[in-house]
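Asker: What follows is a predicted structure for the sequence shown.
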Amino acid sequence: MNPVRAVDPGLVYDVDAREYNEFFNCTIGLLGDCQSYQLNLNLPSIAVPDLKDSVTVMRTVTNVGPAEATYQAVVDAPEGVTMSVEPSVITFTEGGSSISATFRVILTVKQRVQGGYTFGSLTWSDGSAHSVRIPIAVRIVTQDFVADTS
């Protein structure tokens, strides 16, 4: 780990106490229809435990680096999955209206094979000092009742 890079990450995935509280209430059964909370909690990772066809996951990054910055998405899709990011370029400008940007990650099954988790990543790069990577974990399922418990 390079401590100098940790001091200047460029982008961060912020999450507040309200989001954690909603997620917690879902996990203990106080709220219904919790799949959206589980997939879209703004963590610096994405996990999809039951991908059947396609899913869209939302994340928001906050620019804590230079006010003028452009980041390009670099996709390393998990095996058996196509992955795209919209928008694939995020630009922050000095005096701009926002220091945060929300993007979508679309994961689609390309091979219908039941199996364990496969892994990939999404990296936001400004082409110089900042490269912000999050891991992606996906498990493709072909039927609701089939589960790999290993």
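Answerer: Structure received. Computed from a prediction, not measured in an experiment: that's the story for all the values here. Numbers count the residues shown, from 1 in each chain.
Asker: For Pro9, give its distance to Tyr71.
Answerer: For Pro9, the distance to Tyr71 equals 12 Å [CB to CB, to the nearest Å]. Bear in mind the C-beta positions are built from the backbone N, C-alpha and C, glycine included.
Asker: who touches both of these two?
Answerer: 130, 132 (CB atoms under 8 Å, 6 or more residues apart in numbering).
Asker: what sits against the most centrally placed residue in the chain?
Answerer: Against the mean C-alpha coordinate of the chain, by CA atoms, centre = their mean, the closest residue is Ile46 at 4.3 Å. Ile46 makes contacts with 39, 57, 59, 105, 107, 122, 134-137, as judged by CB under 8 Å, 6+ apart.
Asker: Any of those buried? List them.
Answerer: Taking 16 or more other CB atoms under 10 Å as the criterion, what is buried in those is 39, 57, 59, 105, 107, 122, 134, 136.
Asker: nearest to Asp14, of the residues you listed?
Answerer: Of all those, Asp14 sits closest to Arg59, with 10.3 Å by CB to CB.
Asker: Can you show me the helices along this structure?
Answerer: Taking DSSP state H as the test, the helices found in the chain are 3-7, 17-27, 35-40.
Asker: how far out from the middle of the chain is the shortest one?
Answerer: For helix 3-7, the separation from the chain centroid amounts to 22 Å (computed by CA atoms, centre = their mean, to the nearest Å).
Asker: Any chance you could list what contacts it?
Answerer: Ala129.
Asker: any idea of the mean pLDDT in that helix?
Answerer: Averaged across helix 3-7, pLDDT comes to 73.
Asker: re the thing from before, ok, the contacts of Ile46 vs Ser98, which is closest?
Answerer: Using CB to CB, Arg59 is the member of the contacts of Ile46 that lies nearest Ser98, at 14.9 Å.
Asker: Does that closest one touch Phe103 like I think?
Answerer: Yes: between Arg59 and Phe103 there is a contact at 6.1 Å, judged by CB atoms under 8 Å.
Asker: Can you name the residues in contact with stretch 113-128?
Answerer: 10-11, 46, 61, 65, 69-81, 83, 85, 90, 105, 130-143, 146, 148, 150.
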